[in-house]
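>>> Structure for this input, please:
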Amino acid sequence: MKHHKSTIERTKMLRSITERYYEAGNNRRCYKAIWKRFINPIYPMCYRTYLNYLNIPTTPPKVDALQLTLFDYFDNQ
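Numbers count the residues shown, from 1 in each chain. Okay, here's the model as predicted:
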């Protein structure tokens, strides 16, 4: 399924907020609590729409190759 660029960007923002506050097993930090406290005031949407946005596949951010080999680079010299 193809999504618009704005939907993909909104999904990335929602995921970053969710990743910051979500804790598995903690009812005060479950998806519904995060939606109610952090997401809904900024992006007004129903809870079901929020869950649908979390299920949209997005590409992971690109990691700079230098970051992966930073310590290996200095160890080899």
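
>>> can you tell me which residues contact residue 38?
17, 21 (CB atoms under 8 Å, 6 or more residues apart in numbering). Every residue, glycine included, has its C-beta placed from N, CA and C.

>>> I'd like the distance between it and residue 32.
For residue 38, the distance to residue 32 (CB to CB, to the nearest Å) stands at 11 Å.

>>> what touches both of the two?
With CB under 8 Å, 6+ apart, residue 38 and residue 32 have no common neighbours.

>>> So what touches the biggest helix by length in the chain?
Counting by DSSP state H, the longest helix found in the chain is helix 5-21. Contacts with helix 5-21, where a contact means CB under 8 Å, 6+ apart, come from 3, 29, 31, 34, 38, 39, 43, 50, 53, 54, 56, 58.

>>> following that helix, which helix or strand comes up?
Sequence-wise, the next helix or strand downstream of helix 5-21 (DSSP states H and E) is helix 31-34.

>>> and that next one, what other elements does it pack with?
helix 5-21, helix 47-54 (3 or more CB pairs under 8 Å, 6 or more residues apart in numbering; DSSP states H and E).

>>> Tell me the buried residues in the last one?
Of the residues in helix 47-54, those buried by neighbour count under the rule 16 or more other CB atoms under 10 Å are 50, 53.
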